[in-house]
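A.B. asks: How does the following fold in three dimensions:
(chains A and B)
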2 protein chains.
Amino acid sequence: MNPEEPYNGPVCPLPITRHDTVQLSHGSGGKMMDDLISKMFLWAFDNPQLNKKEDQAILQAGGQRLAFSTDSFVVDPLFFPGGDIGELAVNGTVNDVSMSGARPLFLSAAFIIEEGFSLKELERVVLSMKGAAEKAGVAIVTGDTKVVNKGKGDKIFINTAGIGLLPEGRDIGMHRIRPGDKVLISGSIADHGITILSQREGLAFESSIQSDTAALNGMIEELLQAGGADIHALRDPTRGGVAATLNEFAAASGLTVRISEERLPLKPAVGGACSFLGLDPLYVANEGKLIAVVGADKAETVLEAMRNHPLGRGSALIGDVVEEQPGQVVMRTRIGSWRIVDTLVGEQLPRIC
Amino acid sequence: MNPEEPYNGPVCPLPITRHDTVQLSHGSGGKMMDDLISKMFLWAFDNPQLNKKEDQAILQAGGQRLAFSTDSFVVDPLFFPGGDIGELAVNGTVNDVSMSGARPLFLSAAFIIEEGFSLKELERVVLSMKGAAEKAGVAIVTGDTKVVNKGKGDKIFINTAGIGLLPEGRDIGMHRIRPGDKVLISGSIADHGITILSQREGLAFESSIQSDTAALNGMIEELLQAGGADIHALRDPTRGGVAATLNEFAAASGLTVRISEERLPLKPAVGGACSFLGLDPLYVANEGKLIAVVGADKAETVLEAMRNHPLGRGSALIGDVVEEQPGQVVMRTRIGSWRIVDTLVGEQLPRIC
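C.D. replies: Next up, the predicted model:
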């Protein structure tokens, strides 16, 4: 495309919201991000894998089915209680690949480094990636390094892409969500987002608050052993929190996800911090939790298996899937009323991962 | 890793050069980048695929061999004669996958966008990626979008990762370079780098100067048809130019690459711009060229096949591989003398791709 020539090609269905420029909210996991993805990226790149709007693509490669996923990590600060950008970059992509039921095997790692970034801090990030990759049982097999001028980046951004093998016959995804399914979560919510935010704002909450970043592929293997084909959908509720993930489930299935506020695991310190900061924990990011939608018959067995795994001790059954209000998420509050859990247009927590 | 705790883990073999911080040269394709990659990334992530130092990893996934590669694109300016960041992002990864002899099939695309970036320009980039993907015959199947605060990025950075299928029995790589092999290039050198630089510096050279960005997978298929197992190594000479690629060949094979200055295809306008800017075209980036190391018997046949392809019209045999000065690249100059073509420590052309 020659920049001198007038542009006569196709025109995508803009405007995306009322903005002419990209806003922080376009990257926050809410409605504006969904709008940008649907109206720009899916519209342009249009293909069956992408259009599924899962966190990974399932590909047929020769005789083998693969799961393929990518994420860039721009978290600020780089180091925080419970983890750092390197761990996030490995765990995040391992999790996105694993949520399809695939076994993650290989990662790429691409670094965009700002001129002047400390080599010692780079080493710390790299060693953290090494540790996380070993723990998750994946190999970082290819990479790239770019350096941008001072002031044109922010210390370090890391992209990882991941490849996993999908065992024959395994079919996990939002298309399999059915009325009557149970909704499970693997532990307490909002830990990661509140950790990042409190670091950024210089707030000193109880030292018990730390990121939950973890690779979940090990727990998923156990859960699949226990639940087999009754595991219908898996998703890690990262940007946009539990609310965003449940809304994706409701929208994709055309069903209603009902949850109970009382059953949502929330650490008291994190809950306190949320109140203090005026945040609803349902919308705050997690990095080491998964939500599973499971056929009712196997729900208890799967919950048991999750609780037996070190990363799932705090697992809980938080709700179910019904047909009443298609495409909506509703929550029974502590006082017994029902409330609609909508997606936010855009949340004001940029650079959480 | 808890940032409060003293760090007691392994320590990588720093210092990387004499610097404490990351320099622009660490990303320029020269010795400093090689140093950073070897002493930091290969040291930490240590595995046979990565240690080969090819531009892609060859993976065994079930019964299938895959090629897997990643690149981030940070080129400045975003739009330039002959292409833009979107085209580069697709073509660059398609090429890195293809240089193994694999057929590229699937790409991921991850965007790091600076708050305030124009949605119209984003659309232009996305449409350009769409066009490039269609032309190369690959599908963009998964993606990610992050937005960073204004001043913490630079308009848009794009990462692509790519997966290709490696047909049975195909084995192309630096390990196959042998004494007596011929060295071919698919056309004129330095076009891309000079285009970017002249745009950035506001220099108005002849309008004939434009980026050579192109997907080379189609030409590689033809070349493999013609050369079969006599195609020993393929590489696209991007950052660091032809000099960097040939030095990688020499270092990996422990042999000498000999080239002839006279035979190096160089457009007069690009050569003139190089003289004006004080740059040696051997070190300037290309984005749509490949260097092939081919068994002597098949060199003429392969050259013919390359010239028959629209992207290889200007192909030339530029040299051969001998044993004399292990690990070195030497060039017979126009005046008949021999000169060592070393790698630069770091070149001062950041953000060329």
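
A.B. asks: did I read that right, residue A:221 in a helix?
C.D. replies: Yes - assessed by DSSP: H, G, I helix; E, B strand; the rest coil, residue A:221 belongs to a helix.

A.B. asks: Spit out the contact partners of it.
C.D. replies: residue A:103 (CB atoms under 8 Å, 6 or more residues apart in numbering or on different chains). The C-beta positions use only the backbone N, C-alpha and C, and glycine is treated the same way.

A.B. asks: Could you give the separation of the helix or strand containing residue A:71 from the chain centroid?
C.D. replies: Assessed by DSSP states H and E, residue A:71 sits inside strand A:64-73. Computed by CA atoms, centre = their mean, to the nearest Å, the separation of strand A:64-73 from the middle of its chain amounts to 13 Å.

A.B. asks: And stretch A:45-58, by the same measure?
C.D. replies: Per CA atoms, centre = their mean, the centroid offset for stretch A:45-58 relative to its chain is 16 Å.

A.B. asks: what's the answer for stretch A:312-323, then?
C.D. replies: Counting by CA atoms, centre = their mean, stretch A:312-323 comes out at 17 Å from the chain centroid.

A.B. asks: Equivalent analysis for stretch A:66-74, please.
C.D. replies: 10 Å.

A.B. asks: how about it: buried residues?
C.D. replies: A:66-74 (16 or more other CB atoms under 10 Å in any protein chain shown).

A.B. asks: how about it, does it reach chain B?
C.D. replies: Yes - shown here: stretch A:66-74 in contact with chain B (CB under 8 Å from any CB of the partner chain) through A:66, A:68-74.

A.B. asks: farthest-separated two in the residues you listed?
C.D. replies: A:66 and A:74 (26.4 Å; CB to CB).

A.B. asks: and the strand holding residue A:71, what other elements does it pack with?
C.D. replies: strand A:57-61, helix A:85-98, strand A:156-165, strand B:103-114, strand B:139-148, strand B:156-165 (3 or more CB pairs under 8 Å, 6 or more residues apart in numbering or on different chains; DSSP states H and E).

A.B. asks: Name every strand pairing with it and say which way it goes.
C.D. replies: strand A:57-61 (antiparallel), strand A:156-165 (antiparallel) (DSSP bridges).

A.B. asks: Quickly name whichever of the buried residues of stretch A:66-74 is closest to residue A:242.
C.D. replies: Once CB to CB is applied, the member of those that ends up nearest residue A:242 is residue A:71, at 18.7 Å.

A.B. asks: and the closest one, how far is that from residue A:308?
C.D. replies: 29 Å (CB to CB, to the nearest Å).

A.B. asks: Residue A:230 now?
C.D. replies: Distance, residue A:230 to residue A:308, by CB to CB: 17 Å.

A.B. asks: what about those two, which has more around it?
C.D. replies: Comparing residue A:230 with residue A:308 by neighbour count (other CB atoms under 10 Å in any protein chain shown), the higher total belongs to residue A:230, at 20 against 14.

A.B. asks: so the more buried one sits right up against residue A:302, yeah?
C.D. replies: Yes - counting by CB atoms under 8 Å, residue A:230 does reach residue A:302; the two are 7.4 Å apart.

A.B. asks: Name the nearest residue to the residue positioned nearest the centre of chain A, sequence neighbours excluded.
C.D. replies: The residue lying closest to the centre of chain A (CA atoms, centre = their mean) is residue A:238, at 3.3 Å. With sequence-adjacent residues excluded and distances taken as CB to CB, 6 or more residues apart in numbering or on different chains, residue A:238 is closest to residue A:285, at 5.3 Å.

A.B. asks: residues near residue A:280, how many?
C.D. replies: By other CB under 10 Å, neighbour count at residue A:280 equals 15.

A.B. asks: same deal with the one 4 residues further on?
C.D. replies: Counted with other CB under 10 Å, the neighbours of residue A:284 add up to 30.

A.B. asks: Looks like it contacts residue A:198 (just checking).
C.D. replies: No - using CB under 8 Å, residue A:284 is not in contact with residue A:198; the gap is 11.2 Å.

A.B. asks: Contacts only, for the spatially closest residue to residue A:283 that is not a sequence neighbour.
C.D. replies: Nearest residue to residue A:283, sequence neighbours excluded (CB to CB, 6+ apart): residue A:241, at 4.4 Å. Neighbouring residues of residue A:241 by CB under 8 Å, 6+ apart: A:29, A:189-190, A:193, A:281-286.

A.B. asks: mind giving me CSV with those residues and columns for pLDDT and secondary structure?
C.D. replies: Putting the contacts of residue A:241 into CSV (pLDDT from 0 to 100; DSSP: H, G, I helix; E, B strand; the rest coil) gives the following:
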residue, pLDDT, secondary structure
A:29, 84, coil
A:189, 98, coil
A:190, 97, coil
A:193, 96, helix
A:281, 96, helix
A:282, 96, helix
A:283, 95, helix
A:284, 95, coil
A:285, 96, coil
A:286, 97, coil
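
A.B. asks: nearest to residue B:215, of those residues?
C.D. replies: Set against residue B:215, the nearest of those by CB to CB is residue A:29 (32.8 Å).

A.B. asks: What number of residues are in the vicinity of residue A:337?
C.D. replies: Using other CB under 10 Å, residue A:337 is surrounded by 9 other residues.

A.B. asks: same check, this time on the one 5 residues further on
C.D. replies: For residue A:342, the tally of surrounding residues (other CB under 10 Å) stands at 13.

A.B. asks: And residue A:297, by the same measure?
C.D. replies: 11.

A.B. asks: One more: residue A:180?
C.D. replies: Using other CB under 10 Å: residue A:180 sits among 13 other residues.

A.B. asks: What of residue A:53?
C.D. replies: Here the number of neighbours of residue A:53 (other CB under 10 Å) works out to 14.

A.B. asks: Need the three-state assignment for residue A:212.
C.D. replies: coil.

A.B. asks: Tell me if I'm right that it and residue A:193 touch.
C.D. replies: No - counting by CB under 8 Å, residue A:212 does not reach residue A:193; the two are 9.9 Å apart.

A.B. asks: Can you pick out the residue with more neighbours from those two?
C.D. replies: Neighbour tally, residue A:212 and residue A:193, criterion other CB under 10 Å: the higher count belongs to residue A:193, 30 against 25.

A.B. asks: Who are the contact partners of the more buried one?
C.D. replies: A:241, A:279, A:284-286, A:349, A:352.

A.B. asks: can we see that at 10 Å?
C.D. replies: A:211-212, A:238-241, A:270, A:273-274, A:277, A:279, A:281, A:283-287, A:347, A:349, A:352-353 (CB atoms under 10 Å, 6 or more residues apart in numbering or on different chains).

A.B. asks: Go ahead and name everything in contact with the helix-or-strand element of chain A with minimal mean pLDDT.
C.D. replies: Lowest on mean pLDDT, DSSP states H and E among the helices and strands of chain A sits helix A:31-36, with a mean of 90. Residues outside helix A:31-36 that contact it (CB under 10 Å, 6+ apart): A:14-17, A:19, A:22-27, A:42, A:53, A:239-240, A:244, A:247-248, A:251, A:342-347, B:111, B:113, B:119, B:122, B:145-147.
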